[in-house]
Each structure stands twice: as structure tokens, then as C-alpha cells.
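In: Output the structure for:
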Amino acid sequence: MSKLESAMETLVDVFQYYSSKEGDKFLLNRSELRNLLRGELSQYLQASRDPRRVQEIMSELDMNLDGKVSFEEYVAMVTELTVCSTTFFQGYTPLIIQCGQMKGGQFCKM
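Out: Next comes the predicted model:
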């Protein structure tokens, strides 16, 4: 397995581990997101122990405002944290990508 394939599998495994604790296995609720932040990203998010910060992160991630974080929203968070916290990206100006959503297997701009 290549490094990229391994990284992709890890992203799915981590999401699945936390999302399958309660309710819909394809979505993270607030409690599951808090546990993921504490368990997997405490080095990057020292403030994750602050319930208000978890709420802020949830609000920023929940692009479709359904109160839950989808896999796509989770990957966007990982991407943002990687760009903000990795020395490789110092001096990099992130591209702004217009978000959209999948409906009936088709990508639709919002």
C-alpha cells in the first residue's frame, strides 16, 4: 500500500471509529467530534478541552448547518489544520475553494 493510500485509509478509520459510537455512522455529532478532537488532535487543538471551542469548530465545520459533521467536512478540517500547522506551508496563501454538496451522486455548487 502506498503512503497516500495508507493516509486515506487512516482518515476513514479515524472517522469511522468516532462516528460509529452513537447514531448515524456516517456523521459525527457534537459529542463524537469532541471525543475525536481530544483523542486525535489534542496536540493541534489545545483549546479542544474548552466546550466553547468545540462548538466553534462544529459551527465552522458544519457547512450544511445540519448539526453534524460529515466525512467531507471532517476532511476539510484535517486539511485546514494541516496547512495551518505544518512548517512546509509557512508563507503559503491557501486557495479558497467554493464548497458544494453531493445530491444524487452529482456535485452541486451551493
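In: Quickly find the element holding the residue nearest to the spatial centre of the chain.
Out: Central residue of the chain (Cα atoms, centre = their mean): Tyr74, 1.9 Å from the mean position. Applying DSSP states H and E as the criterion places Tyr74 in helix 71-85.
In: Would you mark the buried spots in that helix?
Out: Using 16 or more other Cβ atoms under 10 Å as the test for burial, helix 71-85 gives Glu73, Tyr74, Ala76, Met77, Val78. (C-beta placed from N, C-alpha, C; glycine too.)
In: so how far is Glu32 from the fourth one?
Out: Spatial separation of Met77 from Glu32 under the definition Cβ to Cβ, to the nearest Å is 13 Å.
In: list the contacts for the residue nearest to the centre of the chain?
Out: Tyr74 sits next to Leu11, Phe15, Leu28, Leu61 when contact means Cβ atoms under 8 Å, 6 or more residues apart in numbering.
In: ranges for the helices of this protein?
Out: Assigned by DSSP state H, the chain shows helices spanning 3-19, 30-40, 51-61, 71-85.
In: Adding mean pLDDT and distance to Thr93 as columns, could you present the ones you listed in a markdown table?
Out: A markdown table is the format used below for the helices of the chain (pLDDT from 0 to 100; distance: least, Cβ to Cβ, whole Å):
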| stretch | mean pLDDT | distance to Thr93 |
| --- | --- | --- |
| helix 3-19 | 97 | 24 |
| helix 30-40 | 88 | 26 |
| helix 51-61 | 64 | 19 |
| helix 71-85 | 81 | 10 |
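In: Cool, thanks, signing off.
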